[in-house]
Every structure is written in structure tokens, then in C-alpha cells.
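Novice: compute the structure for the input listed below.
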Amino acid sequence: MRLEVHRFSSERRADFYRLHSEPNHAGWCFCAAWWTPTWEGWAERTAEDNRRLREELCKAGEHDGYLLYADGQPAGWCQAGPRDRLQKLCRQFDLVPSPQTWAITCFLIAPQHRRIGLATRLLREALNDLHARGASRVEAFPRRGMDLRSEDLWNGPEEMFLRAGFAVTREDASRPILALDLVRQGSPGQVGP
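Specialist: Okay, here's the model as predicted:
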């Protein structure tokens with residue numbers, strides 16, 4: 001399988017929508033969850049509501065992530081960008097402002113491509129690109145628990161981040177905060193698993 005990872009851009013918008021529009025991909029979110037002001041009413045939002053918000057973000061130049069392609073077809077997504085722009089995330093985790101900190105907040109891997117290491121590859125490529133762009137610190141917010149289903153891992157599995165060199169910076173039984181210092185991690189091509 002030929003794999004490529006590309007930074008999200010206006011030229012890749014159709015691929016983003018194609019990946020997120022597949023009914024069995026649970027893509028109704030269109031990676032808008034952290035962009036809404038609160039969780040209140042989130043369950044009542046429709047795919048159209050979220051796609052409209054995503055379209056507004058794209059028109060404003062907010063291309064906040066990476067697309068993974070398997071044999072030329074969009075197969076995965078990772079949301080990543082400066083952390084403090086996501087006010088709901090900062091409030092939920094009671095985060096102190098840190099303009100130099102980036103956040104990796106969401107993953108979506110097409111069901112037919114799950115459990116073969118594509119999320120790990122996507123994370124590694126995203127970290128390498130963030131390092132090359134001058135990011136010095138990256139945080140992640142995985143869910144933790146014994147009975148997590150695939151749908152519960154939309155923030156990425158904790159074990160994947162730990163294998164990539166992230167360390168727990170705030171313990172929590174269900175939502176720890178993990179961080180990776182990209183300055184100490186090494187040069188591009190050496191970051192991650």
C-alpha cells in the first residue's frame with residue numbers, strides 16, 4: 001500500500017469532505033467538535049451544521065490538520081494546530097494560555113484501514129511537519145478507560161502517543177493530558193515511532 005500524508009489545504013478540501021462524508025466513517029462531525037463554543041447541544045447538531053462550520057473555517061484559512069492517503073485515496077485525518085485557538089478545549093482542560101503550544105485533537109481513520117498502523121504513520125508525519133514549521137511543544141488529549149470502543153478514540157489512542165514519545169503531564173482517570181517537546185525530540189524524520 002502506498003501511503004502519503006499531506007497538510008490540509010483548500011486544494012484538498014474535496015478529499016477531506018469525501019473522507020468525512022462516508023456514513024460508516026462516523027464523519028458527521030467534520031472535525032468541528034472543538035470549534036463549537038460548548039458541548040451543550042452538540043448531540044443535536046447535524047452533519048450539515050458541522051459541514052457548514054467547517055466550510056466557514058476553510059474560507060477563513062483555517063486548514064487545521066493532515067490527510068493520509070492510501071493508494072491515492074483519502075484514508076485518514078488528523079486535526080492539529082495552535083492549541084489556544086480552540087477555546088472550548090482550553091476551558092475543558094483548564095489550560096493556561098501558551099501560544100507556542102500546538103494540539104493534536106482528533107483522528108479519523110476509514111474503517112477498512114484501521115488497526116494496521118495508519119494512525120501511527122499519520123501522527124509521525126504530522127509531528128515531523130510541525131517540527132519543521134517551528135512548533136516546539138505538542139499536546140494530546142486521549143480518552144482513557146477499559147471499555148473504549150473505536151468511536152471513543154477520536155482523540156487518538158493514548159498508547160500511540162506514548163510510543164511516539166509523549167509523556168503524561170496531567171493525570172486523569174478518563175482524560176489525561178500528554179505532551180511532547182519537539183525541540184528535544186530531534187530533527188525532522190526522527191520524530192515519533
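
Novice: how about the helix or strand containing Ala14: buried residues?
Specialist: Per DSSP states H and E: Ala14 is located in helix 13-21. The neighbour-count check on helix 13-21 (16 or more other C-beta atoms under 10 Å) flags Asp15, Phe16, Tyr17, Leu19, His20 as buried. For every residue, glycine as well, the C-beta is placed using N, CA and C.

Novice: same question, stretch 82-101
Specialist: For stretch 82-101, by 16+ other C-beta under 10 Å, it's Arg83, Asp84, Leu86, Leu89, Cys90, Phe93, Leu95, Thr101.

Novice: what about the nearest residue to Ala110 once chain neighbours are set aside, which SS state?
Specialist: Distances taken as C-beta to C-beta, 6 or more residues apart in numbering put Ala75 closest to Ala110, at 4.9 Å, once the chain neighbours are dropped. Ala75 carries the three-state label strand when classified by DSSP: H, G, I helix; E, B strand; the rest coil.

Novice: for Ala75, what are its contacts?
Specialist: Ala75 sits next to Leu19, Leu68, Tyr69, Ile109, Ala110, His113, Leu118 when contact means C-beta atoms under 8 Å, 6 or more residues apart in numbering.

Novice: can you do 10 Å?
Specialist: Residues near Ala75 by C-beta atoms under 10 Å, 6 or more residues apart in numbering: 1, 3-4, 15, 19, 25, 67-69, 108-110, 112-114, 118, 122.

Novice: can you pull the contacts of Ala135?
Specialist: Ala135 sits next to 80-83, 100-102, 126-127, 129, 180, 182-183 when contact means C-beta under 10 Å, 6+ apart.

Novice: which ones among these lie within strands?
Specialist: Counted as lying in strands by DSSP state E, out of the contacts of Ala135, are Ala80, Gly81, Pro82, Thr101, Trp102, Leu180.

Novice: hang on, the last one packs against Arg124?
Specialist: Right, the one you point to is Leu180. No. Using C-beta atoms under 10 Å, Leu180 makes no contact with Arg124, being 11.5 Å away.

Novice: who has more neighbours out of those two?
Specialist: A count of neighbours by other C-beta atoms under 10 Å puts Leu180 above the other of Leu180 and Arg124, at 26 against 20.

Novice: any idea what the more buried one is bridged to?
Specialist: Leu180 has these beta-bridge partners by DSSP bridges: Val138.

Novice: pLDDT score for it?
Specialist: We note a pLDDT of 97 for Leu180 in this prediction.

Novice: over to Arg184?
Specialist: 70.

Novice: do you have the helices of the chain handy? List them.
Specialist: With DSSP state H as the criterion, the chain has helices at 13-21, 47-59, 87-92, 118-132, 158-163, 182-185.

Novice: do you know which of those helices lies nearest Arg143?
Specialist: Of all these, it is helix 158-163 that lies closest to Arg143, at 7.7 Å by C-beta to C-beta.

Novice: distance of the closest residue to Gln79 other than its chain neighbours from Leu153?
Specialist: Distances taken as C-beta to C-beta, 6+ apart place Cys106 nearest to Gln79, at 3.9 Å, with adjacent residues excluded. In this view, Cys106 and Leu153 are 10 Å apart by C-beta to C-beta, to the nearest Å.

Novice: with that, I have no additional questions.
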